[in-house]
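>>> coords below, sequence missing:
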């Protein structure tokens, strides 16, 4: 009786491991408690942050001065603000940000701590070759953001 039960347990465990979520994906699901201010670049706790309404969502900034700058003209901070919207799960990726094509789960690059998927090796390679703010702008600038990301619908309470 023990052998069949053990075999059943082993089979279930194997199924959970294969069908389960990768550690990388689990990490992406953790509640985000801090982000970088898109204006000043400082790491800030969301609980202590000021908020700015942006793309019908909330961007977190470190102080009233950054809030005023963002409210006056968000364009210089758009890529970093768009990145923050994805990090805080207010937006999610639905298509390739470079081509607007369907995503290939094998074609991915981590951009400023955020895993981003692409449609093909060409788009993935172009992003992987870029570094720093160039890479961030390539994926999260307004045109790319509008191609590849959509707002997450808020759950009704």
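Right, received. Where do you want to start? Nothing here was measured: the structure is a model prediction, and the numbers come from that model.
>>> where does the chain have low pLDDT?
Residue ranges of the chain with pLDDT under 70: 1-29, 155-157.
>>> need the contact list for the nearest residue to residue 89 once chain neighbours are set aside.
Nearest residue to residue 89, sequence neighbours excluded (CB to CB, 6 or more residues apart in numbering): residue 152, at 6.2 Å. Backbone N, C-alpha and C define where each C-beta goes, glycine included. The contact partners of residue 152, by CB atoms under 8 Å, 6 or more residues apart in numbering, come to 89-92.
>>> if we go to 10 Å?
By CB atoms under 10 Å, 6 or more residues apart in numbering, the contact set of residue 152 is 57, 85-86, 88-92.
>>> of these, closest to residue 32?
residue 88 (5.3 Å; CB to CB).
>>> Now the residue nearest to that closest one when sequence neighbours are not counted: phi and psi?
Excluding the flanking residues, the one nearest residue 88 by CB to CB, 6+ apart is residue 32, at 5.3 Å. For residue 32, the backbone dihedrals (degrees, to the nearest 10) come out as phi -80, psi 120.
>>> partners of the top strand by length along the chain, with directions?
When the chain is parsed with DSSP state E, its longest strand is strand 104-111. The pairing partners recorded for strand 104-111 under DSSP bridges are strand 114-118 (antiparallel).
>>> Tell me the buried residues in the partner strand?
For strand 114-118, a neighbour-count test (16 or more other CB atoms under 10 Å) marks 114, 116-118 as buried.
>>> Could you tell me how far it lies from the centre of the chain?
Distance of strand 114-118 from its chain centroid, counting by CA atoms, centre = their mean, to the nearest Å, is 7 Å.
>>> hmm, who's touching it?
Residues external to strand 114-118 that are found in contact with it (CB under 10 Å, 6+ apart): 24-25, 27-28, 83-84, 86-87, 93-99, 101-110, 123-128, 135-136, 138-140, 144, 148-149.
>>> Just these: which are in strands?
Of those, the ones assigned to strands by DSSP E are 93, 104-110, 149.
>>> Of those, which qualify as buried by neighbour count?
93, 107-109, 149.
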